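[1] Got a predicted structure here, sequence first:
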Amino acid sequence: MRLPTISARRYRTLAHVSLGLLTLIVLTGAAVRLTGSGLGCPDWPMCEGQVIPPLEIHAWTEFGNRVLSGLVGFVVAAVALLAWRRRPFRLSLAIVGTLLPLGVLAQAILGGFTVRNHLAPGFVMGHFGLSMLILIAAVAMSWLAQYEPGERPRKLDAKAVWAVRGLLAWGTVVLVAGAVTTASGPHAGAAGTGQIVPRLEFAGVDTLDTMIHWHGRTGTVLGLGALATFLWLRRRGDAPGQLLLALGTTCVLVAAQGVVGGLQYVLHLPAGLVWIHVTIATATWLALLWSVAAAGRPAERSPAAREAPPGALVAR
């Protein structure tokens with residue numbers, strides 16, 4: 001008996017669903033922490049030594065996130081397996097697809113260590129960072145499934161492509177600064193459990209205030225860089241419309257993030273606003289990944305352009 005195959009169109013839908021679920025799990029994970037449910041199930045993989053958690057809001061919030069993680073694991077396993085049965089077969093999809101279940105498995109293991117170490121800041125930050133890495137693979141999978149090889153010809157030169165990639169690199173700095181800021185703040189993730197969760201205090205009592213300002217500065221640089229890149233590429237006139245849309249979306253999201261961040265500071269970090277902040281941060285990360293994908297790889301220079309001296313005009 002031959003194993004069933006899957007069409008490119010159906011596989012594309014599955015890849016998009018996996019990206020949506022992997023994004024959702026980031027947001028539900030943030031909700032677990034901000035509702036103080038991080039130790040609602042203090043052991044792993046059981047909850048209070050039971051298969052079914054006790055009737056308590058924090059326990060069910062944490063357990064619900066674990067159940068959703070299981071669903072995500074099932075979907076990404078299907079993405080990986082069916083990549084080998086997709087027709088026409090593409091090795092790039094099979095390789096990237098295999099990374100997704102490996103990432104989710106690593107996330108589950110790291111989540112267990114995070115609980116066992118009572119939400120130590122380093123483990124929590126690593127948990128979030130790994131989620132962002134998994135989203136890189138998920139966006140790559142979704143993008144590769146969307147377009148066939150050669151369907152989108154390369155248009156931009158190396159300078160433009162690396163300018164967009166530079167935004168993603170700086171966006172990583174902003175995410176790290178945000179994670180450190182959160183790990184220094186009041187939302188430890190274990191409200192009402194009676195357990196003390198350590199916070200980052202490398203600058204003493206001023207750690208949180210220091211990181212808030214540094215996080216704000218890095219975010220401002222990202223917003224200005226994204227706006228400058230958007231205007232520059234728009235003026236050049238050779239950028240794909242999807243790239244301009246992705247960069248424009250990034251600019252709007254960073255601006256919205258600045259407004260929410262300012263409100264958080266004034267209102268002393270209410271949990272609801274912090275969750276919105278994490279949601280926009282995740283959306284911004286996806287927009288940056290989308291921008292890099294839309295920029296593609298640099299177009300090959302023509303033989304005449306390669307032979308011409310720097311600054312010389314090449315007749316077309």
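    That came through, no problem.
[2] Tell me which residues touch Leu263, please.
    When contacts are counted by C-beta atoms under 8 Å, 6 or more residues apart in numbering, Leu263 touches Leu273. Bear in mind the C-beta positions are built from the backbone N, C-alpha and C, glycine included.
[3] That one belongs to a helix, doesn't it?
    Yes - under DSSP: H, G, I helix; E, B strand; the rest coil, Leu263 falls within a helix.
[4] Can you show me the helices along the stretch 101-250 of the chain?
    Here the stretch 101-250 of the chain has its helices, by DSSP state H, counting those that start in this stretch, at 121-146, 158-183, 207-236, 241-266.
[5] The longest one versus helix 241-266: what angle between them?
    Counting by axes from the mean of the first three to the mean of the last three C-alpha atoms, to 10 degrees, helix 207-236 lies at 160 degrees to helix 241-266.
[6] Show me which residues of helix 207-236 are buried.
    207-208, 211-212, 215-216, 218-219, 222-223, 225-227, 229-230, 233 (16 or more other C-beta atoms under 10 Å).
[7] and of those residues, the nearest to Pro53?
    Closest approach to Pro53 among the buried residues of helix 207-236 (C-beta to C-beta): Leu208, at 32.1 Å.
[8] So the residue nearest to that closest one when sequence neighbours are not counted versus Met211, what's the distance?
    Leaving aside its chain neighbours, Leu208 sits nearest to Ser184 (4.4 Å; criterion: C-beta to C-beta, 6 or more residues apart in numbering). Using C-beta to C-beta, to the nearest Å, we find Ser184 at a distance of 5 Å from Met211.
[9] just Ala256 next, same as before
    Applying C-beta to C-beta to Ala256 and Met211 gives a distance of 21 Å.
[10] Tell me the bridge partners for the residue lying closest to Cys41 once chain neighbours are set aside.
    Of all residues not flanking Cys41 in the chain, Cys47 sits nearest, at 3.6 Å (C-beta to C-beta, 6+ apart). Here Cys47 sits in beta bridges with Gln50, going by DSSP bridges.
[11] thinking Cys47 is in contact with Thr61, fair?
    No - using C-beta atoms under 8 Å, Cys47 is not in contact with Thr61, being 11.1 Å away.
[12] which residues are in contact with both of these two?
    Gly40.
[13] wait, Glu148 sits on Tyr11?
    No - at 11.7 Å, Glu148 does not count as touching Tyr11 under the criterion of C-beta under 8 Å.
[14] Neighbour count for the two, which is higher?
    Each of Glu148 and Tyr11 has its neighbours counted (other C-beta atoms under 10 Å); Tyr11 has more, 23 against 11.
[15] how's the chain carved up into domains?
    As given by automatic domain parsing, the domain ranges for the chain are 7-149, 152-301.
[16] would you turn the ones you listed into TSV with mean pLDDT?
    As requested, those are arranged in TSV below (pLDDT from 0 to 100):
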stretch	mean pLDDT
domain 7-149	88
domain 152-301	90
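[17] Tell me the secondary structure of Leu269, please.
    Applying three-state DSSP: Leu269 is coil.
[18] Also Ala299?
    Once three-state DSSP is applied, Ala299 turns out coil.
[19] Run a quick neighbour tally on it.
    Ala299: 15 neighbours (other C-beta under 10 Å).
[20] so it makes contact with Leu156?
    Yes - between Ala299 and Leu156 there is a contact under C-beta under 8 Å: 6.3 Å.
[21] need the contact list for Thr35.
    Ile57, His58, Thr61, Ala191, Ala271.
[22] Those residues into TSV, with extra columns for neighbour count and distance to Val104?
    Listed next are these as TSV, based on neighbours: other C-beta atoms under 10 Å; distance: C-beta to C-beta, whole Å:
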residue	neighbour count	distance to Val104
Ile57	12	26
His58	22	24
Thr61	20	20
Ala191	20	27
Ala271	16	26
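[23] Val17 - how many residues pack around it?
    Neighbour tally, Val17, other C-beta under 10 Å: 15.
[24] got the contact list for the spatially closest residue to Gly29 that is not a sequence neighbour?
    Computed as C-beta to C-beta, 6+ apart, the closest residue to Gly29 that is not its neighbour in sequence is Asn65, at 6.0 Å. Asn65 is in contact with Ile25, Thr28, Gly29, Ala31, Val32, counting by C-beta under 8 Å, 6+ apart.
[25] Asn65: which element?
    helix 57-83 (DSSP states H and E).
[26] Next secondary structure after that helix?
    That would be, after helix 57-83 and using DSSP H and E, strand 86-87.
[27] In the sheet, which strands lie alongside that next one, parallel or antiparallel?
    Short version: by DSSP bridges, strand 86-87 pairs with strand 6-7 (parallel).
[28] residues in contact with the residue nearest the centre of the chain?
    Closest residue to the average C-alpha location of the chain: Met132 at 3.5 Å, with C-alpha atoms, centre = their mean. Shown in contact with Met132 (C-beta under 8 Å, 6+ apart): Leu175, Trp285.
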